[in-house]
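[1] Return a 3D structure for these sequence lines:
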Amino acid sequence: MKKTFIPQTDPKAGYLAQKADIDAAVARVLESGWYILGQEVRLFESEFSEYIGTKYAAGVASGTDAIEIALRACDIGDGDLVFTVSHTAVATVAAIERAGAKAVFVDIDPDSFTMDSDHLESVIKSMGNNSYGHPKAIIPVHLYGSPAEMSSIMEIAQRYGLYVIEDCAQAHGAQLKGQMAGTFGDLAAFSFYPTKNIGTFGDGGIVTTDNKDLYKKLLALRQYGWEERYISSVPGINSRLDEIQAAILRVKLKSLDVDNSKRRKIAEAYTKAIDNADFKAPKERTGIYHVYHQYVIRTEERQRFIDYLKELSIGSTIHYPLPVHMQPAYKEGLGGEWKLNNTEKVCAEIVSLPMFPQLSAEDTDRIVDALKSYRSR
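    Just a heads-up that it's a prediction; the model follows:
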């Protein structure tokens, strides 16, 4: 008898796990008659900033918008250069371009999949005298739930006078030496896409900061540049986290730490099953609290392994199959003058295993058995 299919991710399971509370939150908003930038958004902004450990937070319509608005709050735009990685969701780079700036690609560490700080500094030096633009910011991506090496990145940023905007789209609750991802840089951008560690049932994002002046700019930029209603002091956009999504997020924020612990338990089971040369398991650097938005392994025979899982009714995916700098829309971007060797090798080998807090012990055991069986083939 064919076994039940195990999806790689399952946002519906997250809804069902908290159905009563989520339904009540949605009903509360519908009955309130206030649907945009009301009490639910204000309360969630306060609760989320308190959880992360920042003074301020501004809800926006998506994680992509969060990065763009953060850049614009720093007056970064035409003629400016922003250093980031190519191994990321394309949203990171799309947001930079939407702000009017140019992305400069930096290689990654092959074990953590996050920005290589040594390569970052060498790239910054190489861009010191160029015709492309002015270096203005660094966007390190806390990928798959693991924080980038922020101590080194912050030192480099201070040395060259650059802003730091953390891309925390996959790192809700992740920590580096006890400090939350999202509290190192000048600003941090979070996504609440449905599959994130804390996600909406639509779309949403938020920007956090300790800087009051930047916070005021965020509030204006997310709503037409208004500092007073109907009067635009600067060109802004329409990017507002809506009340229903904020109410849902308030429910889900309460269980975020518990859900992250469940992710870590699943990851621990996978890692114990991977003790052979067929796979490279993700590594947790010293001082890192990895929240496993994704559990990503490396294998040189990726398609064979994916096909093998499919035979066993186990889902998998690839985050991300082609680095941004190799995609048709971005091949003309900056980064061609140096090699992104680690980025390109990693992208040819990665596979994401099923990872979501509601994954049952039985299904986890099936995946563990599949990893062990594949080893013996």
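
[2] list the buried ones in stretch 307-317?
    Applying a neighbour-count criterion of 16 or more other C-beta atoms under 10 Å, the buried positions in stretch 307-317 are 308-309, 312, 314-317. Every C-beta, even on glycine, is put in place using the N, C-alpha and C of the backbone.

[3] Would you indicate which residues of stretch 228-239 are buried?
    Neighbour-count burial for stretch 228-239 [16+ other C-beta under 10 Å]: 236-237, 239.

[4] I misspoke; the intended subject was stretch 106-114.
    Residues 106-110, 112-114 are the ones in stretch 106-114 that count as buried (16+ other C-beta under 10 Å).

[5] Between these, which sits nearest S360?
    F113 (27.4 Å; C-beta to C-beta).

[6] what's the burial count for the closest residue to that closest one other than its chain neighbours?
    Residue nearest to F113 in three dimensions, not counting chain neighbours: L143, with 4.9 Å by C-beta to C-beta, 6 or more residues apart in numbering. A count of nearby residues for L143, using other C-beta atoms under 10 Å, gives 27.

[7] And L143, its phi and psi?
    Dihedral angles phi and psi of L143 (degrees, to the nearest 10) take the values phi -90, psi 140.

[8] just the one 5 residues further on next, same as before
    Per-residue torsions, A148: phi -70, psi 170 (degrees, to the nearest 10).

[9] which residues in the chain form strands?
    Using DSSP state E, the strands of the chain run over 56-60, 80-85, 102-106, 134-139, 163-167, 175-176, 179-180, 187-191, 205-209, 226-228, 231-232, 288-289, 295-298, 350-353.

[10] quick check, nearest of the buried residues of stretch 106-114 to G33?
    For the buried residues of stretch 106-114, the closest approach to G33 (C-beta to C-beta) belongs to T114, at 44.4 Å.

[11] Throw the strands of the chain into a markdown table and include distance to I266 and mean pLDDT, thanks.
    Shown next, in a markdown table, are the strands of the chain (distance: least, C-beta to C-beta, whole Å; pLDDT from 0 to 100):
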| stretch | distance to I266 | mean pLDDT |
| --- | --- | --- |
| strand 56-60 | 29 | 98 |
| strand 80-85 | 26 | 96 |
| strand 102-106 | 31 | 95 |
| strand 134-139 | 29 | 96 |
| strand 163-167 | 24 | 98 |
| strand 175-176 | 19 | 98 |
| strand 179-180 | 22 | 98 |
| strand 187-191 | 21 | 98 |
| strand 205-209 | 26 | 98 |
| strand 226-228 | 44 | 86 |
| strand 231-232 | 48 | 87 |
| strand 288-289 | 15 | 98 |
| strand 295-298 | 7 | 97 |
| strand 350-353 | 9 | 98 |
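
[12] Can I get those strands in a markdown table including distance to A246?
    A markdown table is the format used below for these (distance: least, C-beta to C-beta, whole Å):
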| stretch | distance to A246 |
| --- | --- |
| strand 56-60 | 6 |
| strand 80-85 | 28 |
| strand 102-106 | 30 |
| strand 134-139 | 25 |
| strand 163-167 | 21 |
| strand 175-176 | 25 |
| strand 179-180 | 20 |
| strand 187-191 | 13 |
| strand 205-209 | 10 |
| strand 226-228 | 19 |
| strand 231-232 | 24 |
| strand 288-289 | 26 |
| strand 295-298 | 29 |
| strand 350-353 | 29 |
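
[13] Surely the residue nearest to F113 touches T84?
    No - the pair L143 and T84 fails to qualify as a contact (C-beta atoms under 8 Å) at a distance of 11.2 Å.

[14] Now for the residue nearest the centre of the chain: which residues touch it?
    With distances taken as C-alpha atoms, centre = their mean, A169 lies nearest the centre of the chain, 2.2 Å away. Each residue near A169 by C-beta atoms under 8 Å, 6 or more residues apart in numbering is listed here: 63, 89, 91-92, 141-142, 189-191, 193, 196.

[15] could you show me where the helices are in the stretch 101-250 of the chain, in order?
    For the stretch 101-250 of the chain, the helices defined by DSSP state H, counting those that start in this stretch cover 117-126, 150-160, 212-221, 243-253.

[16] surely S152 meets H119?
    No - counting by C-beta under 8 Å, S152 does not reach H119; the two are 11.1 Å apart.

[17] More neighbours: those two, which one.
    Using other C-beta under 10 Å, the more surrounded residue of S152 and H119 is H119, with 22 against 16.
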